[in-house]
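K.L.:
predicted coordinates and the sequence they were generated for:
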Amino acid sequence: MSDHRITQLPLTPQRARANPADALATCALCTRPLAGKVEKHHLVPRLKGGTDTVPLHAICHKKIHSLFTESELANNFNTVELLTDHPDIAAFVKWVRKRPADFHKRTRKVGGGKGRR
């Protein structure tokens, strides 16, 4: 049996040091200041062996998980840069950047709400 390990790509230094407790911290996805509920997103899901996290607004975190499965996140979208390159995430980021830092709205699942539960 071969030893398969997930190789995690490095974060940019600015994003790696973001601390939700710091009033100047920003969301790793939309880059707005963190306010209200701050969530930690595992770039590689814990189920897939990931340990590195980045701080996100709750709405940004929910958007990521409404679009991608755990396997897709681990294999194809395991950095902030790969996430923001996806057209659906890019459109979301463009939209949410115009909102206040504490803005939250229910995120719809792709496919009319018939996603994973």
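P.N.:
Structure's in. What do you need?
K.L.:
below-threshold pLDDT in this protein: ranges please.
P.N.:
1-24, 105-117 (pLDDT under 70).
K.L.:
check contacts around His61.
P.N.:
By Cβ atoms under 8 Å, 6 or more residues apart in numbering, the contact list for His61 reads Glu39, His41. In this view, the C-beta of every residue, glycine as well, is placed from N, C-alpha and C.
K.L.:
start at 209 instead
P.N.:
Yep, numbering from 209; the last one is His269 now.
K.L.:
confirm that it sits in a strand.
P.N.:
No: His269: not assigned to a strand; according to DSSP: H, G, I helix; E, B strand; the rest coil it is helix.
K.L.:
and the strands in this structure, which stretches?
P.N.:
Taking DSSP state E as the criterion, the chain carries its strands at 246-250, 261-265.
K.L.:
what sits against Arg240?
P.N.:
Per Cβ under 8 Å, 6+ apart, neighbours of Arg240: Thr234, His265, Val304, Arg305, Arg307, Ala309.
K.L.:
quick check: Leu255 vs Thr277, distance?
P.N.:
10 Å (Cβ to Cβ, to the nearest Å).
K.L.:
same check on Asp260?
P.N.:
As defined by Cβ to Cβ, Asp260 lies at a distance of 19 Å from Thr277.
K.L.:
same question, Cys238
P.N.:
22 Å.
K.L.:
neighbour-wise, which of the two wins?
P.N.:
Cys238 (22 against 13; other Cβ atoms under 10 Å).
K.L.:
the more buried one and Cys268 touch, don't they?
P.N.:
Yes: applying Cβ atoms under 8 Å, one finds Cys238 in contact with Cys268, separated by 5.5 Å.
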